Every structure is written in C-alpha cells, then in structure tokens.
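# Let's see this in three dimensions:
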Amino acid sequence: MYGRMKLLGIGKGRTFASFLSLALLAAIPARALEERIVVAPGQTAVREAAPGVSVVAKDVAPTFGDWVVDGASLRSGFRGAPEYVLANSLYEADATTDLLLPFDDQAMGDAAARWTRAEGEGPSLDSRRAILGGGAASFSGPESALVLRPGPTALFASASRFRDFSIEFWLYPANAENGEAIVMWQSIRKSGNEALPQRLSCLIAAGRLSWTFSGFFVPPGGSFRGAGAFPRNVDITLTAKSPLIPRSWSHHLLRFDGDTGLLEYLVDGVPEAMTYVTSTGHEGGTVFEPAIGGASPLVIGPDYTGLLDEFRVERSFVSAPKLHPYGRDGALVLTPIVDLGYTHSRLLGIDAESKSPGTTGIDFSYRIADEASAWRLDSPAWIPLRPGEELPDTALGRFVQLRAELYADGTGSLTPSLSSVTFRFEPDPPPPPPSKILAIPHDGSIELRWTRVPVEDLGGYLVFYGDNPGEYFGKGALEGDSPVDAGDNLSMTLTGLTNGRLYFFAIASYDKPGSRAAGGIPTARAGATSVEVAARPSRTSQ
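Residues are numbered from 1 along each chain as shown. All right, here's what the predicted structure looks like:
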C-alpha cells in the first residue's frame, strides 16, 4: 500500500471525523512510513524508524543465514566495532614448505609440521602491530628467543643434502642496533676424520642486515678431498645496501638456485646483494650444494628486540614473494538475507557504512524477491547499485540481500572496509480488517454487514465462518466453504445454514494487485481477521 490511505466513509455520507482524518493523513510526510533495518557483522539486525520519526525502542529484525565471506576477514574498526576488510595475502604450507611460522597465536608452531618448538619462554604475541594475519612475534632480547628443533624430514635434519632453498620473513626492528641477531644456526659436519664447524646467521651490522654462511656449502659429493681448485671451506657474507628503518616493516628474502649457484638477498623485492656459490665464484663454475652435518636447533631472535612475522623456509627458489598485505583477486561479502516483513514491500535504498582509502574500491549489488528459499550464490541475478541512491519502483519484495566485492589498491597495501548496511524500505502490510461487523439472523441464513476499510489498494473482503469460536472451517453454506470471497461489497448473506446452530463470523480484507484463482479465492494477500461476531439462524428471525 504505497498510496496514501483515504477515508471513504460508510455509505454515501462522510462524517466530520472522516474529513478530519483525511486532513491529518494528508499532512504525513512522504517518507513517514519509511523503516530501516541495520545489519552489522557480529551484531543482531535491528529495525528502526527513519530519522524524524519517534520510536520507543529498536526491534530485533528477522534475518536468515549468516554473513557469507570469501577472501575477507573481520577486524576491529572505529571504536572497536567489527568491520570486514580484505584478508591478508598469507602463505599456506604445501609440499615445498619446510618451515612456516605465521605467528597468529601464542603456540607459534610450524604450520608445515616439520619442526618442533623447544620448551622455553619464547617471544610474545603482538596482535595489534602484525603486518599479516592475526599476530606477530614480539622479541625483547635473548630470553625471548624461539628455539626450533628439526624433524627427520626437515631440510636441516642430520646429514641432509638439498639444492634450492629460500628463507624469508617480515622484520620490524625496535632500534636496529649493531650486533642484534635475527637468525642463528650452528652445527658440526664431519669430513673424513675432521669435524668442520657450520654456521648460518643473520645479524644487524652497521644498521643493515647481513647474512653469513660458513661451512654450509660443499662441492658435489660432499667432500673437499681431491677437489683441486675447490676451497677448503666456503665462507659467504651477503650484506644489504639499504639500512633498516626502526619501527618500520620490511620484507627480507634469501634464496639459492641449485642449478646456477646463485645466492641472492632481496629487501622488499629489490636485490641488495648476490654471489655465486661455485668453484669460480661466478656463474658457470661447478655449483656447490648445501650439506647439513648434525641436526641442530634453528634459533630465531637469539638477541633481537622488535617484531617478526611470517617466517618461512621453502625447499625451492622463491621467485615471486608476497610483498604486500593484500592480493589483487578481491573479496566477496554477502549480508544475511533480511526479511522486510511483508511481500511487495518497496525497497527505497541501501546505505553502506564503508571506507575506500586511496584507490581501493567496493562494488555493491543487491537482489530482492517475495520468496528466497531457492536463492543460490548467483541466482537470482544481482542488480548493481550505488549506496545512498534511490532505487527504482521495481525494487519490490519481502526478502533482500546485499553483495559487496572488495578490492585493494594498485600496490596491495590498502584495503577497503565495510562496517554496516542499512536497508531503507516502505513495508506493504495487507489491509486491516473492517472495524465494525453486524450479523443479522434469518431463516436458514445470516446476513453480514461491515464498514468499509479506507485503504487505496483494497481488493475486497473474505468472510470466514465456523461453528466454534475462533475456528473458521465452516462448510455447507451455498455461497461456499469458509472463507467466502465477498468482492468489494460491504455485505453478504450466507444461505443454506442450519437453523438453531450458532455460527461465528469474522471478516478479513485483501489487497487489489492479486488476481483471482479458480475457486474464487484471491491470490492477493489477506490481512488479519476482524473481531468475531456470532448469530443463530431461526425460522422466527426476520
């Protein structure tokens, strides 16, 4: 019922009250019937009136299902309220992953399940300043070192030989002081009767990160005996050109190509230092290979103050590291299906509390229908919209849902956010019942009269009858079983009734848009029934 209610009066005359009511209704603003339903992640949907319309309290609004997300995650937004953002572009452990420490929980275990954490205090979890995922490891000196022991399938297991490998992590130093140790591994490798020390370390020197390998690489076959031009021991140091910036995140990647012998160190994806681990020290010589002696712990943060995140060791040469928090594929967020209460309700618009910093973006679309049980992800079709704009008159239905597609900026450094969605609509309830009913008994019949319902889209009236109070399943009237369609008449006489039997009656209105189905029952919606009246047909009735 989108038109204004109009007072038609009773009979041909109009009372003063009718004209007074008509004047009052004409003074109602066009959007006075507007209602709003607000949905927000982690909160119950609420129904509220439009601004300027007083309400006593907000009501819980019915919804179906939950938020559906793909590629998005929740975070605390303004004043701690949850909001959907793009999920971080995180690594997942696969067959080539040797060690993966996401640092998303206090357990700080290896997601690849090849290393075990030794007992000890270890770093704490910092959820607020993490660059990726739900947390980062916070180190505060030697007592917070993280000690990991290799399992039998780890690259650093006893007597292990391998070719390609990569080590990468995100670093957030508090001060970047000289001598701070980020990574340390030491062991002993036997060569004949000799015990040769081995060492892999990553330290801060002169404000820059420096990698050192000592006795880590050996010529093919694992022995220097008879190697001729091969050096007795291989010591390698790679130092970054760019200094570390305290209290700032940077990505570090060390990678080795077992085919060419290239050992390369990159900071934020930019090569900083390189060498060839070959017999000549240049490309084209005999390639040396990593050789592990005894199984020894890998220590992360043995003497370091700051944060570290997403520590990973791969059994491959990582050519395309993830250098930004967010990917380019976007994310999908669907609200729960919202019930507007009545079919044919007019959806006026949809507002979204969202932010799109920089060149990030959100594409919005919606769907609405009177029935939602058969809805699928892409069926019915989604209709694009701009939040805040008025929707066309064809946006009608009872059930509505919003779809939001979130996209990062061009660098993958920024994410949009979605905090809440407001559905603005005008409900279309069925017409109310007549306010007054009169039942007049006759011989074998009952005459019913009622007042007109003053609504613009009134289609007609249904007459309910039965022989028990509140149970209108009557049969036997020549006009038909209950309910009987009276059309738009204001009276009806039910004949063929049994004299002496007490009958109970109620009237309901139905709206105009519906067509009539076979059997005389309109397909349009009927509203609530009126107050009940009773009468008993009798041969002595006039």
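# Can you show me the strands along the stretch 1-150 of the chain?
35-39, 46-49, 59-60, 63-64, 68-70, 72-76, 82-86, 97-101, 115-117, 124-126, 136-140, 146-150 (DSSP state E, counting those that start in this stretch).
# For the last one, which strands pair with it and how are they oriented?
With DSSP bridges as the criterion, the sheet partners recorded for strand 146-150 are strand 115-117 (antiparallel), strand 298-303 (antiparallel).
# Check those for me and report the most buried one.
strand 298-303 (a mean of 22; mean count of other Cβ atoms under 10 Å). The C-beta positions use only the backbone N, C-alpha and C, and glycine is treated the same way.
# From the contact counts, what lies against the helix or strand that that strand is followed by?
Using DSSP states H and E, the helix or strand that follows strand 298-303 in sequence is strand 305-314. Under the contact definition 3 or more Cβ pairs under 8 Å, 6 or more residues apart in numbering; DSSP states H and E, strand 305-314 sits against strand 97-101, strand 136-140, strand 165-173, strand 298-303.
# partners of strand 305-314 in the sheet?
Strand pairing (DSSP bridges) places strand 305-314 next to strand 97-101 (antiparallel), strand 136-140 (antiparallel), strand 165-173 (antiparallel).
# now for the ones you listed, which one comes closest to residue 247?
strand 165-173 (6.8 Å; Cβ to Cβ).
# For the strands paired with strand 305-314, could you give me JSON lines that also reports mean neighbour count?
Formatted as JSON lines, the strands paired with strand 305-314 follow (neighbours: other Cβ atoms under 10 Å):
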{"stretch": "strand 97-101", "mean neighbour count": "22"}
{"stretch": "strand 136-140", "mean neighbour count": "24"}
{"stretch": "strand 165-173", "mean neighbour count": "22"}
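# how about low-confidence regions in the stretch 101-250 of the chain?
Across the stretch 101-250 of the chain, the stretches falling below the confidence threshold (pLDDT under 70) are 222-233.
# Serialize the strands paired with strand 146-150 to CSV and add fields for distance to residue 371.
As requested, these are exported to CSV (distance: least, Cβ to Cβ, whole Å):
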stretch, distance to residue 371
strand 115-117, 54
strand 298-303, 57
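# I'd like to know which of the ones you listed lies nearest to residue 338.
strand 115-117 (46.2 Å).
# Name the nearest residue to residue 512, sequence neighbours excluded.
residue 459 (3.9 Å; Cβ to Cβ, 6 or more residues apart in numbering).
# Can you give me the neighbour number for the one you found?
Here the number of neighbours of residue 459 (other Cβ atoms under 10 Å) works out to 23.
# and the gap between it and residue 430?
10 Å (Cβ to Cβ, to the nearest Å).
# Name all residues that make contact with residue 40.
81, 82, 419, 420, 421 (Cβ atoms under 8 Å, 6 or more residues apart in numbering).
# just checking, what packs against the helix or strand that contains residue 186?
Residue 186 is part of strand 181-191 when elements are defined by DSSP H and E. Packing contacts for strand 181-191, counted by 3+ Cβ pairs under 8 Å, 6+ apart, involve strand 165-173, strand 194-205, strand 298-303.
# mind putting these in a markdown table, distance to residue 352 included?
As requested, those are arranged in a markdown table below (distance: least, Cβ to Cβ, whole Å):
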| stretch | distance to residue 352 |
| --- | --- |
| strand 165-173 | 32 |
| strand 194-205 | 46 |
| strand 298-303 | 42 |
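# Out of these, flag the one nearest residue 375.
Using Cβ to Cβ, the nearest of those to residue 375 is strand 165-173, at 41.2 Å.
# how many degrees apart are that closest one and strand 181-191 in direction?
Taking axes from the mean of the first three to the mean of the last three Cα atoms, to 10 degrees, one finds that strand 165-173 is oriented at 150 degrees with respect to strand 181-191.
# Contacts made by strand 165-173 with the rest, please.
By Cβ under 8 Å, 6+ apart, the list of residues contacting strand 165-173 reads 98, 129, 131-132, 136, 155, 180, 182-183, 204, 209, 244, 246-256, 290, 304-318, 321.
# Then stretch 285-295?
Outside stretch 285-295, the residues touching it (Cβ under 8 Å, 6+ apart) are 149-150, 155-163, 165, 187-190, 196, 198, 216-220, 222, 230, 234, 256, 258-261, 276-280.
# now, which of those lie within helices?
For these, not one is inside helices, with DSSP state H as the criterion.
# ok, of the residues you listed, which come out buried?
Those of the contacts of stretch 285-295 that meet the buried threshold are 150, 155-157, 160, 162, 165, 187, 189, 196, 198, 216-219, 230, 234, 256, 258, 261, 276-279, by 16 or more other Cβ atoms under 10 Å.
# among those, which are in strands?
150, 165, 187, 189, 196, 198, 217, 218, 256, 276 (DSSP state E).
# Can you give me the neighbour number for residue 272?
By other Cβ under 10 Å, 18 other residues sit near residue 272.
# Tell me which helix or strand it sits in.
Judged by DSSP H and E, residue 272 forms part of strand 270-276.
# Pairing partners for the following helix or strand past that strand, with directions?
Beyond strand 270-276 on the C-terminal side, the first helix or strand identified by DSSP H and E is strand 289-290. Here strand 289-290 has these sheet partners by DSSP bridges: strand 217-218 (antiparallel).
# now what about the strand it pairs with, what contacts it?
Contacts for strand 217-218 (Cβ under 8 Å, 6+ apart): 189, 224, 234, 236, 277, 288, 289, 290, 291.
# Which residues are in contact with the spatially closest residue to residue 183 that is not a sequence neighbour?
Spatial nearest neighbour of residue 183, excluding adjacent residues (Cβ to Cβ, 6+ apart): residue 202 at 3.9 Å. Residues near residue 202 by Cβ under 8 Å, 6+ apart: 181, 182, 183, 184, 209, 210, 211, 212, 254.
# Direction included, what does the helix or strand where the last one lies pair up with?
Assigned by DSSP H and E, residue 254 belongs to strand 250-256. Sheet pairing for strand 250-256, assigned by DSSP bridges, gives strand 165-173 (antiparallel), strand 262-267 (antiparallel).
# Just the CA atoms of it, as PDB, please.
The C-alpha trace of strand 250-256 is given here as PDB (Å, rounded to 0.1, in the frame of the first residue of the first chain):
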ATOM      1  CA  SER A 250      60.400  -4.600   5.700                       C
ATOM      2  CA  HIS A 251      60.400  -7.900   3.800                       C
ATOM      3  CA  HIS A 252      63.600 -10.000   3.600                       C
ATOM      4  CA  LEU A 253      64.200 -12.900   1.200                       C
ATOM      5  CA  LEU A 254      67.400 -15.000   0.900                       C
ATOM      6  CA  ARG A 255      67.200 -17.600  -2.000                       C
ATOM      7  CA  PHE A 256      69.500 -20.100  -3.500                       C
END
